[in-house]
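[1] attaching a predicted model along with its sequence, questions to come.
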Amino acid sequence: MHKNRAFLKNSNQNKIDISRSKQKRGIAPPIQKPCDPQDKKISLVSPGTWKTISAISLESAIRNRKSRRVYTEKSISLENLSFLLWATQGMRKTKSKHNNFRTVPSAGCRHAIETYIAAFRVEGIEKGIYRYLPMSHELVEVAKYNNLETLINRSTLNQIFCTRGALTFIWTTIPERMEWQYAEASYKAIALDTGHICQNLYLACEAIGAGACALASYDQELIDNVIGLSGDEEFTIYLASVGYTYHSSEVKTLNLKEIPAEKRWDMLLAHISLLVSEITGGKNMTMNTTQALDLNQGFYDMGINDNLCIKFYKSLKKSLDCQFPFTILFKYPTVKQLSIYLAKEIFKDLDGFEKIQALIPHKNNSSIEKDVEQLSEMEAEDALLNELEYLDSVDDQNPEFNFSVAH
């Protein structure tokens with residue numbers, strides 16, 4: 001057996017001498033990280049006083065739960081944020097400052113996790129890093145950055161969906177809390193506890209009509225530095241983006257004319273990515289280092305077969321309220337190529353796409369100007385290959401052309 005798999009097993013339990021843990025030698029460390037009394041604190045909406053939290057059955061929440069990476073620009077209310085924080089780390093019963101019961105289970109009630117948020121669009125709260133204080137149900141301000149989105153993007157290895165939502169949860173661990181009781185057995189318990197917390201976040205998001213996406217791939221040193229941690233006694237262990245999502249009723253149409261010019265390209269990419277995900281049932285998503293939709297992957301490779309291709313074509317035309325030949329999906333068989341075509345040919349009169357059009361100058365007498373239906377099978381194949389080679393060459397020559405949209 002691979003040596004690292006032993007971490008997942010309980011075989012070592014009998015080898016760990018719990019009697020040597022710090023629990024036998026003194027008082028437990030505080031269950032909540034202390035803060036300076038002078039630090040700015042923000043009161044949250046108290047549990048039981050929610051006015052906007054929708055009633056939803058547990059069955060519905062579990063059935064609908066999935067990772068959601070495409071978000072609207074809607075801000076989250078302070079009440080909804082209060083609910084999410086309470087649902088993931090809120091208090092149920094306080095025994096002492098060293099022991100309490102929360103809305104999530106924890107080995108020995110040790111709760112070795114701290115909750116931070118990177119707030120991008122939270123009503124009543126300035127953009128910045130905050131930490132949740134479960135014992136008083138408050139937020140404490142940690143840091144403010146003018147370039148917060150850039151820092152979080154870099155910290156999450158450019159997984160840009162993390163900053164497209166309203167906020168990102170950042171969970172850290174203070175191992176000493178768990179070590180005090182469980183010594184070397186602490187580390188598996190900490191990992192399990194973090195999973196409990198994130199699952200509650202997913203389910204709670206369903207109750208407010210939002211979505212979440214867990215994230216375990218990040219730059220350890222950078223994210224720790226952003227929230228001001230040493231990386232030794234406390235360090236980041238898990239993240240999750242949160243934002244309001246496009247429901248099926250909302251994605252039926254995308255009126256690019258009503259969207260600010262500087263956001264049209266991103267919205268077009270996100271819209272097509274969302275349609276692809278809905279058509280394929282999420283089969284195109286992979287938990288790779290970017291946790292994003294591969295914009296260069298062919299539709300067929302994503303699982304869009306002949307029948308789904310027709311459905312995708314109809315949904316695309318209806319949602320964008322435009323007309324283009326069905327054969328375009330074969331001429332431009334990836335999200336990136338199709339988006340470029342639409343920006344360059346269908347929406348060329350709209351502001352915001354000039355940069356895209358400039359990157360791909362129109363080719364006179366190009367093979368794509370001739371309808372594929374008028375070509376022989378061999379001619380059509382050659383035309384498609386030539387066009388793809390052309391697009392790839394533009395990709396290589398223009399670094400700005402390497403777009404990424406999370407999904």
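    That came in fine, so what should we check first?
[2] how near is the nearest residue in space to Glu126 that is not next to it in sequence to Ser82?
    Spatial nearest neighbour of Glu126, excluding adjacent residues (C-beta to C-beta, 6 or more residues apart in numbering): Lys144 at 6.7 Å. No exception for glycine: its C-beta is placed from N, CA and C like everyone else's. Distance of Lys144 to Ser82, computed by C-beta to C-beta, to the nearest Å: 21 Å.
[3] of those two, who's got more company?
    Ser82 (24 against 12; other C-beta atoms under 10 Å).
[4] tell me the contacts of the more buried one?
    Residues in contact with Ser82 (C-beta atoms under 8 Å, 6 or more residues apart in numbering) are Leu44, Val45, Ser46, Trp50, His137.
[5] can you pull the domain assignment for this structure?
    16-244, 256-401 (automatic domain parsing).
[6] which of those domains has the lowest average pLDDT?
    Mean pLDDT is lowest for domain 256-401 among the domains of the chain, at a mean of 70.
[7] and Ile304, how many neighbours?
    For Ile304, using other C-beta under 10 Å, the count is 22.
[8] in which helix or strand does it reside?
    Using DSSP states H and E, Ile304 maps to neither a helix nor a strand.
[9] for Ile328, state which of the contacts of Ser82 is nearest.
    For these, the closest approach to Ile328 (C-beta to C-beta) belongs to Trp50, at 47.6 Å.
[10] would you confirm that the closest one contacts Phe83?
    Yes - in this structure, Trp50 is within contact of Phe83 by C-beta atoms under 8 Å, at 5.9 Å.
[11] quick one on the thing from earlier: in TSV: the domains of the chain, plus distance to Phe7.
    Shown next, in TSV, are the domains of the chain (distance: least, C-beta to C-beta, whole Å):
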stretch	distance to Phe7
domain 16-244	6
domain 256-401	20
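[12] any idea which of those is most buried?
    domain 16-244 (a mean of 18; mean count of other C-beta atoms under 10 Å).
[13] and the gap between the residue nearest to Glu126 and Val242?
    Lys144 is 20 Å from Val242, by C-beta to C-beta.
[14] and the helix or strand hosting Thr236, what other elements does it pack with?
    In this assignment (DSSP H and E), Thr236 forms part of strand 235-244. Contacts defined by 3 or more C-beta pairs under 8 Å, 6 or more residues apart in numbering; DSSP states H and E place strand 235-244 against strand 167-173, helix 186-207, strand 210-215, helix 220-226.
[15] which residues touch the shortest one?
    Contact partners of strand 210-215, identified using C-beta under 8 Å, 6+ apart, comprise 66-69, 71, 76, 80, 156, 159, 161-162, 166, 169, 198, 201-202, 205, 238-245, 291.
[16] hang on, the earlier thing: mind checking the helices and strands packed on strand 235-244 for the one nearest to Glu262?
    Closest to Glu262 of the helices and strands packed on strand 235-244 is strand 167-173 (C-beta to C-beta; 22.3 Å).
[17] and that closest one, what does it pack against?
    Contact here means 3+ C-beta pairs under 8 Å, 6+ apart; on that basis strand 167-173 packs against strand 113-119, helix 186-207, strand 235-244.
[18] which one of the ones you listed lies nearest to Phe330?
    Taking the helices and strands packed on strand 167-173 one by one with C-beta to C-beta, strand 235-244 is closest: 33.8 Å.
[19] could you look up the next helix or strand downstream of that closest one?
    helix 264-280.
[20] and the helix or strand just after that next one, what does it pack against?
    Per DSSP H and E, the first helix or strand lying C-terminal to helix 264-280 is helix 306-320. Applying 3+ C-beta pairs under 8 Å, 6+ apart, we find helix 306-320 packed against helix 264-280, helix 328-331.
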